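In: any chance you can model this:
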Amino acid sequence: MFVARRMKKNIVTAPPSASLFEAQRRMQEHTVRQIPVVSEDGTLLGIVSDRDIRATVLPAGLVPGFTAGEAERFMKSTPVEQVMTRKVVTATLTDTLEDAIVLLHDFRVNALPVVDAAGKVAGIITRTDVLEAFIDALGVGEVSSRLEVVVPDRPGMLAQLAAIIASFHVNITSVVSIQHEGGKRADFLRVATLNVGPIRKAIEEAGFEILDPSKFLLP
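Out: Below is the predicted model of the structure:
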């Protein structure tokens, strides 16, 4: 799944000359925590967050006699270009959601402006957007059950599991496979049925191990 499919396209931006007061107002009106700073032609110049604004205003607020009115005047007279982050971590239109997850995790950011080949802002994708996308991809909201099966790490194992499940005329709605101990893999399958008992039994009779969550609670 590509970032372009899940990003927000109607995004809130600000020019570099916009004041901190105006940037904060836009964030509050649109219920967002950060906005890209762009040039007149839409080229990404930076990004400013509500945290950036608070971090700028707070030191001034510690000055004795600094009133709420002075804080407002300070915010109205300070342009976002003085506060914004200029080295912005971005995603591109051809990036996948997996790419976005790695960027969000590795750079510890909450959102990624999405830029086109010319460096212009085409959208923005947040941690919440990515999480919602994977909830959809995993079929969590559908009527289904989850199976966790340990298989040897060799070709054809997933096909065997799929054949067993297909024999019950049940669809597999999602599959995730990760490394497991002992040179094996753990396959997490979501199947479109609530009557998963017979399928579980057939899988075990075929020689596969079904993971029991309670085993991980043991010391």
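In: doesn't His169 make contact with Ile199?
Out: No: in this structure, Ile199 is not within contact of His169 by C-beta atoms under 8 Å, at 10.7 Å. In this view, the C-beta of every residue, glycine as well, is placed from N, C-alpha and C.
In: any idea of the pLDDT on the residue nearest the centre of the chain?
Out: Closest residue to the average C-alpha location of the chain: Val130 at 2.8 Å, with C-alpha atoms, centre = their mean. On pLDDT, Val130 comes in at 92.
In: A helix includes it, no?
Out: Yes: according to DSSP: H, G, I helix; E, B strand; the rest coil, Val130 belongs to a helix.
In: just to revisit the earlier point, okay, Ile199 and His169: which has more neighbours?
Out: Ile199 (21 against 7; other C-beta atoms under 10 Å).
In: host element of the more buried one?
Out: helix 197-205 (DSSP states H and E).
In: low-confidence ranges, the protein, go.
Out: Residues of the chain meeting the criterion pLDDT under 70: 59-68, 213-219.
In: quickly list the domain ranges of it.
Out: Per automatic domain parsing, the structural domains of the chain span 3-135, 145-217.
In: not counting sequence-adjacent ones, nearest residue to Phe188?
Out: Using C-beta to C-beta, 6 or more residues apart in numbering and skipping residues adjacent in sequence, the residue nearest Phe188 is Val176, 4.4 Å away.
In: residues of the strand or helix carrying the one you found that come out buried?
Out: Val176 is part of strand 172-180 when elements are defined by DSSP H and E. Using 16 or more other C-beta atoms under 10 Å as the test for burial, strand 172-180 gives Ile172, Thr173, Ser174, His180.
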